[in-house]
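Trainee: Predicted structure and sequence below. I'll ask about it afterward.
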Amino acid sequence: MNERNLLPGEDPLDADLVFAASGCAFAAQRSLEREWQPARAVDPRVAGHGETIATDGTFSPTLWWRSLRDRSDWIGHPCQRAVQAAKYLLRAACLPGRHQRFLAFLASHKLLRACVACDPRLQERHLHRFINRHWHRATRLDSLHCHYRYLLERLPPDVFEAIYVNGRATLGELVLKDGSTLLLHLRPPIYMGCEGELCIELSEANGHSLYRLVLTVIDDQPSMAIGCIQGPDGEHARARVRELTRLMYGMRPKQLMLVLAYAFAGQYGIRRILAVGNAAHPLRQRRLFHADYDAFWQEQGGVAREHGWFELPATLHHRTEAEVASRHRAEFRRRADLRWQAVQLLNNALYHLPWWLDAAAANDAVESPHSLPPGFREASWTS
């Protein structure tokens, strides 16, 4: 799925090599300077976080130069890295104004600058396939811009930093039927990934990943796109999933991941949830898919839309305890409690609670009207 990391002792690209080794890079920069069209000024200010810069639409070589430095995602010997740099400049030249405003946005806040230092690929993610293979560069760029602006405005700064700078925000643990535990994390996108910008992950106590769902806030409506929901791999994957389902009182792990995505949406006022289908997945042409996304989204009540999307319902289908046979109600309640605990762990991380709130008020404050309908704790999502 992803390209390898740098080998030990392998240096990132020295920006001077780009222009020394590649005539294409020279041509791309001259083209940008000649064809630059001043664009409407965009104020990339981020509410509540202090540092800002703005761009007035004029060509700024400094931003482009910075985007060439410390590129640990460009690998190989100097000539290979120079070619990758030239490709980046030529692709960015297709939408120079938008690209510069995005670079200015990434430079406008200390947390965003730290994101770029950890993941330089963020500066050009929109120039490659991203979430939906039918998207154009401008749509991809707008979605990236929206996602980081939206999270900077709403996510607690320490949580944002833990995810995108430190690499993981561990939210807590879930105790399973046999007394073992699973850890719930929020994580950044996979290195060189293309399925989205925020990962909700379930892992074993030793940190080994079991399940992940990758989402992105894609527009100002606001809407959320789910680009990946993936479980264990390997020859024993199915057996591991069956065992996990048993230990979670009959709840499928991927169902829990979707419930958490709905909880995220509800906490931040996201009213429209889209999920990518099989044919539109950006990696569809590069690997054999074992999961049938289309079937799972349809099972959840998703409706097929144009360009390979499925639009998911406002709430997930659920049963009440009264609809469950009496001999299964004890396990039903344990399953609902486990699900509720996971949602509380997520909501507590996403929500700033004033210090003067008591425990009961705080517990009420994190409930989500969108993802948690009345009777949530007594409800069982189909599995």
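Mentor: Everything's here; your move.

Trainee: drop to CA atoms for contacts and neighbour counts, all remaining ones
Mentor: Fine.

Trainee: Report the buried residues of the lengthiest helix in the chain.
Mentor: Longest helix of the chain, by residue count under DSSP state H: helix 329-350. In terms of neighbour count (16 or more other C-alpha atoms under 10 Å), helix 329-350 has its buried residues at 332-350.

Trainee: Model confidence at Ala39, what's the number?
Mentor: Listed pLDDT for Ala39 reads 35.

Trainee: Centre of the chain to the longest helix of the chain, how far?
Mentor: The chain centre lies 22 Å from the centre of helix 329-350; the measure is C-alpha atoms, centre = their mean, to the nearest Å.

Trainee: Rounded mean pLDDT for that helix, please.
Mentor: Mean pLDDT, computed over helix 329-350, is 92.

Trainee: counting contacts, what elements does that helix pack onto?
Mentor: strand 169-175, helix 253-267, strand 380-381 (3 or more C-alpha pairs under 8 Å, 6 or more residues apart in numbering; DSSP states H and E).

Trainee: The second one packs against which elements?
Mentor: To tie it back to what came earlier, the one meant is helix 253-267. Packing partners of helix 253-267 (3+ C-alpha pairs under 8 Å, 6+ apart): strand 198-204, strand 209-219, strand 223-230, helix 237-247, helix 329-350.

Trainee: Report the angle between the last one and helix 237-247.
Mentor: On the basis of axes from the mean of the first three to the mean of the last three C-alpha atoms, to 10 degrees, helix 329-350 is oriented at 100 degrees to helix 237-247.

Trainee: what's the angle between helix 329-350 and strand 169-175?
Mentor: Angle, helix 329-350 to strand 169-175, by the same axes, to 10 degrees: 170 degrees.

Trainee: likewise the first one?
Mentor: Here strand 198-204 points in a direction 40 degrees away from that of strand 169-175 (the same axes, to 10 degrees).

Trainee: Listing partners with orientation, what would you give for strand 198-204?
Mentor: Paired neighbours of strand 198-204 in the sheet (DSSP bridges): strand 181-187 (antiparallel), strand 209-219 (antiparallel).

Trainee: so what are the domain limits for this protein?
Mentor: Per automatic domain parsing, the structural domains of the chain span 15-143, 168-381.

Trainee: Tabulate the helices and strands packed on helix 253-267 in JSON lines, adding columns for distance to Leu312.
Mentor: Formatted as JSON lines, these follow (distance: least, C-alpha to C-alpha, whole Å):
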{"stretch": "strand 198-204", "distance to Leu312": "18"}
{"stretch": "strand 209-219", "distance to Leu312": "14"}
{"stretch": "strand 223-230", "distance to Leu312": "10"}
{"stretch": "helix 237-247", "distance to Leu312": "23"}
{"stretch": "helix 329-350", "distance to Leu312": "19"}
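
Trainee: So which of the ones you listed is nearest Gly308?
Mentor: Set against Gly308 and scored by C-alpha to C-alpha, the helices and strands packed on helix 253-267 come closest in strand 223-230, at 11.4 Å.

Trainee: For the closest one, enumerate the helices and strands it packs against.
Mentor: Strand 223-230 packs on strand 209-219, helix 253-267, strand 272-276, going by 3+ C-alpha pairs under 8 Å, 6+ apart.

Trainee: okay, these in CSV with mean neighbour count and mean pLDDT next?
Mentor: Shown next, in CSV, are the helices and strands packed on strand 223-230 (neighbours: other C-alpha atoms under 10 Å; pLDDT from 0 to 100):
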stretch, mean neighbour count, mean pLDDT
strand 209-219, 23, 95
helix 253-267, 22, 95
strand 272-276, 23, 96
